[in-house]
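Undergrad: Here's a sequence, model it:
(one chain, ligands or ions: 1)
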Amino acid sequence: MLVSATEMLKKAKAGHYAVGQFNINNLEWTKSVLLTAQELNSPVILGVSEGAGKYMTGFKTVAAMVKAMDEELGITVPVALHLDHGSYEGCYKCIKAGFTSIMFDGSHYPIEENVAKTTELVNVAHALGLSIEAEVGSIGGEEDGVVGAGECADPEECKMVADLGVDMLAAGIGNIHGKYPEHWAGLSFDTLDAIQQKTGIMPLVLHGGTGIPEDMIKKAIDLGVSKINVNTECQLSFQEATRKYIEEGKDLQGKGFDPRKLLAPGAEAIRATVKEKMELFGSIGKAND
Ligand code: 13P
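TA: Residues are numbered from 1 along each chain as shown. The predicted structure follows:
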C-alpha cells in the first residue's frame, strides 16, 4: 500500500522504533524489499537517489514500477516511495511522477536559500499529500555523486528547519555514507541528544546505516531516530552472493546463465539483510499499529 511516510514515522517515534529506508536500484531490489516487508509485517520506505532514478530510466519509470509491483504482489503493509537526497528540480520531478515522499537536500545552499526552498517544497508536498525530509549539517562520504563533509548539525538550525513543517529531519551526527573508516569516531550522541531536545516529536533520520554497530543504532533510536537509511549494505550482500554463485561455476551449469537464476542468490541476500535490519530497528509487526 503506497502511502506517505508521515504516519509511519509518527508511530515509530512514539513507539521507540525506526522504519528502514532501503535504497532500490532495479526490479530485483524493489521486489526483495517489498516481499520482506510484507512477510515481516513491517512498514518500509523505498529510497531512490537521483543517480538510481536515472539508472532506472527516470522517476516516472520507478514510480510506475513500484505502484504496479505493490499491487501485483498484494502488498498491504505501508510503503513510502521516497526521493533520497533530492535536488530542487529532482523534487518536482518526483512529485509529478507520483512519489509519495521526497527529501530536499538543501544542505549545500546558504541557510536562507535552503529555508526558502524548503518552505516552498513543504507547501507543495503537503498540498499533494506527500511527506518531506530536510537535511541539516551534512552526511559524510559520497552517495551517487552527493558528497558531504560530515559536519555535525547545529541543534538551533535543526529547530529552525523542523519549524518549517517538514515531516522528518536528517541531521548530521558524524554518520557517513558507504563503509565506515577504520578509525571512525562514532556517532555524536551529544549532538543527537541536543537536537532531539530542540526538535521534540520530530522524527529524526539517520543516514549512512551501513556498518553502524548495533549498540549505536539502538542508542540512536532511544534518542529519537525513527528512520534509518541503508543502501551500501544491500549492495554488498548482493555482490557477495552473486560472486559466490559465479565463483562456484553455477552460471556454467545447465541453465545457470538464465538471469532469473543468476540474480536469485543476490536477491535472496538482499532479503536477508533487510530482515536483519528490520529486526534491529524494531519495525517487525508494526505495519498495522
Ligand atoms: P549507506 O549507503 O551508508 O547505507 O547510506 C544510505 C543512505 O544514507 C541513503 O541516503
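Undergrad: How far away from the center of its chain is stretch 15-29?
TA: Stretch 15-29 sits 6 Å away from the centroid of its parent chain (CA atoms, centre = their mean, to the nearest Å).
Undergrad: for it, which positions count as buried?
TA: Tyr17, Ala18, Val19, Gly20, Gln21, Phe22, Asn23, Ile24, Asn25, Glu28, Trp29 (16 or more other CB atoms under 10 Å). C-beta here means a position set from N, CA and C on the backbone, and glycine is covered the same way.
Undergrad: Over to stretch 231-240?
TA: By 16+ other CB under 10 Å, the buried positions in stretch 231-240 come out as Asn231, Thr232, Glu233, Cys234, Gln235, Ser237, Phe238.
Undergrad: Tell me the pLDDT of the fifth one.
TA: It stands for Gln235. The model reports Gln235 with a pLDDT of 98.
Undergrad: ok so, going back, distance to Leu192 for the buried residues of stretch 231-240 - can I get that in JSON lines?
TA: Shown next, in JSON lines, are the buried residues of stretch 231-240 (distance: CB to CB, whole Å):
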{"residue": "Asn231", "distance to Leu192": "21"}
{"residue": "Thr232", "distance to Leu192": "21"}
{"residue": "Glu233", "distance to Leu192": "21"}
{"residue": "Cys234", "distance to Leu192": "25"}
{"residue": "Gln235", "distance to Leu192": "26"}
{"residue": "Ser237", "distance to Leu192": "27"}
{"residue": "Phe238", "distance to Leu192": "30"}
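Undergrad: And those, which is closest to Asn41?
TA: Looking at these and their distance to Asn41, the nearest is Cys234, at 20.1 Å (CB to CB).
Undergrad: Now name the helix or strand holding the residue lying closest to Thr273 once chain neighbours are set aside.
TA: Spatial nearest neighbour of Thr273, chain neighbours left out: Ser237 (4.4 Å); criterion: CB to CB, 6 or more residues apart in numbering. Ser237 is part of helix 232-247, with elements assigned from DSSP states H and E.
Undergrad: Can that helix be said to contact the ligand?
TA: Yes - shown here: helix 232-247 in contact with the ligand (CB under 6 Å from any ligand atom) through Thr232, Glu233.
Undergrad: ok, then the element right after that helix?
TA: For helix 232-247, the following helix or strand on the C-terminal side (DSSP H and E) is helix 259-262.
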